[in-house]
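Peer 1: Generate coordinates for the sequence data below:
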Amino acid sequence: MRTFLAVADAGQFQEAAVDLRITQQAVSKRVANLERSLGVTLFTRTARGVRLTLDGEAFLPHSRELLHAAERAAASVRPGNRALRVDVLNRRSAPAEALHRFYRAHPGTDLDVVTLADANVEAAIEAVHAGEIDASFRAVPLPARDLPDGILVDRVLDDPLHLLVGAAHPLAAATALTPAALAGHRIWIPGIRQGAEWAVYYDELTEAFDLRIDAIGPNFGSAALLDAIADSADLATLVGAGDRHVWPATHDLRRIPLHGPTPVYPHSFVRRAGNPHPTLTALRRHLAATRPARPVDAWVPGWARRR
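Peer 2: Next up, the predicted model:
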C-alpha cells in the first residue's frame, strides 16, 4: 500500500524507489502483486512514467485512509516515541491550568495539549481507547460498566463554582452566596450542548437548587460572554474557581464563591490501562500530589458520587 502511494505521488517507479530506499524492480514487483490481488490495473505505463487508471484513482483515497489508520495503530502502541498527548475542553479551564503547573514543575517535558474537535465525553473516551490521545480531562457521567474495556477513570480535581457578575448586578456586593440564593436570577451559559457531560452536570445542578440556567443565543466565546456580563444588570454566569479568565479593568466583574453547599465540577482523568508512556506516570503522580482538598460541604451530581 505504501509503495502504491509512493508511485502515485511520484508518477515514476524510479523516483518512488528512491523515496522508499528500495530498488525499482522491488517497486514494480510490489505494484504487480497488489494489482494481481485486486484483479485490476492500477497504473498505465507512459513514456514519462506512470499515471493512475480509473481503478487506481478510485483506490487512491481509500489506500491513504488505510495507511493513516495503520500508522495510528502503530503509534498507539509506541506512545513513548512521541509527546504525551492530553485533551482538555478549554485552554483556560482548571485542568489546563493543572497541566501548565505540571509542565512548570517538569520543564522540558514533551507534552502536547490538544482539544478534540468532537467535545462529547464519548468521543474523548474513544480517542483514548484508540490511542489517538493518551489521556483526557472530563466529567464522566457514564457508569463503569458502560466504559470500554481497559479505560480507567480517576477523579483528580473537584473545581468549586463561582458566580460571575457585573458591578450593577443585585448580587455584586456579596462576598459569598449559597446556591439557593441564585434562584430567580438568570444564569447564562452559552454553548451548552445537550448530551454533553457539562449539560448533564448543569441539568442536575438546576434541579437540585431550582436554578434558572439557559444557553439562549450563539456562543461567541468567553470574551463576548464577559463583555455581556459586564454590561448587564441581570445576567450572571458560572465559572470554576480554577478557571483562568482575564478581562479589562473597566469591566469590574465580581467572582463570588458559592458555599452551603459548595457545588464543584468533578474533573476526571481518563486513560488507557497499560499505556507505558513515562510522562503519563509522572503526570498522574503530580495530579495525585497536588490535588486540592475537596470542600467539606461539596455538592456533586449523583453520578459523580460513585467515583
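Peer 1: what about residue 127, how many neighbours?
Peer 2: 20 (other CB atoms under 10 Å). To be clear about C-beta, it is placed using only N, CA and C from the backbone, and glycine gets the same treatment.
Peer 1: All the helices of this protein, residue numbers only.
Peer 2: Secondary structure of the chain (DSSP state H): helices located at 2-10, 13-20, 24-38, 54-76, 94-105, 121-130, 197-209, 222-231, 278-290.
Peer 1: For residue 87, find the nearest of these.
Peer 2: The closest of the helices of the chain to residue 87 is helix 121-130. By CB to CB, the value is 5.7 Å.
Peer 1: and that closest one with helix 54-76, angle?
Peer 2: 80 degrees (axes from the mean of the first three to the mean of the last three CA atoms, to 10 degrees).
Peer 1: For helix 121-130, name the packing helices and strands.
Peer 2: strand 135-138, strand 151-165, strand 262-272 (3 or more CB pairs under 8 Å, 6 or more residues apart in numbering; DSSP states H and E).
Peer 1: could these go into CSV alongside mean pLDDT?
Peer 2: Converted to CSV, those look like this (pLDDT from 0 to 100):
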stretch, mean pLDDT
strand 135-138, 95
strand 151-165, 95
strand 262-272, 96
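Peer 1: Deepest in the core, which of those strands is it.
Peer 2: strand 135-138 (a mean of 26; mean count of other CB atoms under 10 Å).
Peer 1: Mind listing residues that contact that one?
Peer 2: 84-89, 93, 95-96, 98, 116, 121, 124-125, 127-128, 156-157, 197, 267-271, 280, 283 (CB atoms under 8 Å, 6 or more residues apart in numbering).
Peer 1: And it, how far out from the chain middle?
Peer 2: Offset of strand 135-138 from its chain centre (CA atoms, centre = their mean, to the nearest Å): 7 Å.
Peer 1: before we move on, what about stretch 13-32?
Peer 2: Distance, centroid of stretch 13-32 to centroid of chain: 40 Å (CA atoms, centre = their mean).
Peer 1: can I see the domain layout of the chain?
Peer 2: For the chain, whose domains are defined here by automatic domain parsing, the residue ranges read 2-76, 80-157+265-298, 160-263.
Peer 1: Which of these sits closest to residue 305?
Peer 2: domain 80-157+265-298 (9.0 Å).
Peer 1: is the residue lying closest to residue 213 once chain neighbours are set aside in a bridge, and if so with what?
Peer 2: Using CB to CB, 6 or more residues apart in numbering and skipping residues adjacent in sequence, the residue nearest residue 213 is residue 187, 4.7 Å away. Beta-bridge partners recorded for residue 187 (DSSP bridges): residue 213, residue 236.
Peer 1: Now for residue 187: which residues touch it?
Peer 2: 163, 211-214, 236-238.
Peer 1: Quick check: the two most widely separated of those residues?
Peer 2: So for the contacts of residue 187, where distance means CB to CB, the most widely separated pair is 163 and 214, at 15.2 Å.
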